[in-house]
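1. dropping a prediction and its sequence here:
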Amino acid sequence: MIAATIVGGIFVYTYFQRSVNTFISMGSTVSVVGSEEPVNATYSIVYIKVVNDEQTPINLVSVTLVNSTGKYSFAVNQTVQPGSQVSIVKVVPGDYSNCYVTYLEGGQTYYTEPTPLG
């Protein structure tokens with residue numbers, strides 16, 4: 001009976017600990033807002049805003065643009081402090097519908113969710 005109580009207590013503790021960690025990480029995000037304007041038949045201008053809502057600085061590595069026929073990536077070397085944002089404006093070949101950003105945080109590589117270029 002005592003062993004069952006101890007094992008049950010460990011399961012409850014693990015469940016609540018995992019729930020608290022999930023709740024804390026839900027508020028920490030890096031978000032991307034973007035838009036695109038065609039310049040002519042072969043080039044577009046993309047406007048990308050990256051917002052760092054993490055608790056630590058992030059280092060932007062690249063922006064990847066996606067369309068139905070493939071991807072186009074370009075390097076970005078900027079640090080975004082917690083609670084700050086950066087804007088990126090670039091003329092790119094082609095026309096794109098979505099983008100995502102690759103960034104480093106704490107030595108780990110992360111990717112944002114694909115964002116529509118609306």
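-> Thanks, I have the structure now.
2. what are the ranges of the strands in this structure?
-> 30-38, 43-52, 58-67, 70-80, 85-93, 98-105, 108-111, 115-116 (DSSP state E).
3. using a markdown table, lay out those strands together with mean pLDDT.
-> Shown next, in a markdown table, are the strands of the chain (pLDDT from 0 to 100):
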| stretch | mean pLDDT |
| --- | --- |
| strand 30-38 | 94 |
| strand 43-52 | 96 |
| strand 58-67 | 96 |
| strand 70-80 | 96 |
| strand 85-93 | 96 |
| strand 98-105 | 96 |
| strand 108-111 | 94 |
| strand 115-116 | 94 |
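4. can you redo those strands as TSV with mean neighbour count?
-> Bear in mind the C-beta positions are built from the backbone N, C-alpha and C, glycine included. Below are the strands of the chain laid out as TSV (neighbours: other C-beta atoms under 10 Å):
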stretch	mean neighbour count
strand 30-38	16
strand 43-52	18
strand 58-67	18
strand 70-80	13
strand 85-93	13
strand 98-105	20
strand 108-111	11
strand 115-116	16
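5. assess the claim that residue 60 and residue 100 are in contact.
-> No: using C-beta atoms under 8 Å, residue 60 is not in contact with residue 100; the gap is 11.6 Å.
6. quickly list what residue 62 is bridged to.
-> residue 75, residue 102 (DSSP bridges).
7. and residue 43, by the same measure?
-> Beta-bridge partners, per DSSP bridges, of residue 43: residue 93.
8. look up how far residue 90 lies from it.
-> 10 Å (C-beta to C-beta, to the nearest Å).
9. then residue 100?
-> 15 Å.
10. for residue 34, see how far away the residue lying closest to residue 31 once chain neighbours are set aside is.
-> Of all residues not flanking residue 31 in the chain, residue 51 sits nearest, at 4.8 Å (C-beta to C-beta, 6 or more residues apart in numbering). Counting by C-beta to C-beta, the separation of residue 51 from residue 34 is 12 Å.
11. and if you look at residue 65?
-> 9 Å.
12. which neighbours do these two share?
-> Counting by C-beta atoms under 8 Å, 6 or more residues apart in numbering, the common neighbours of residue 65 and residue 34 are 46, 99, 117.
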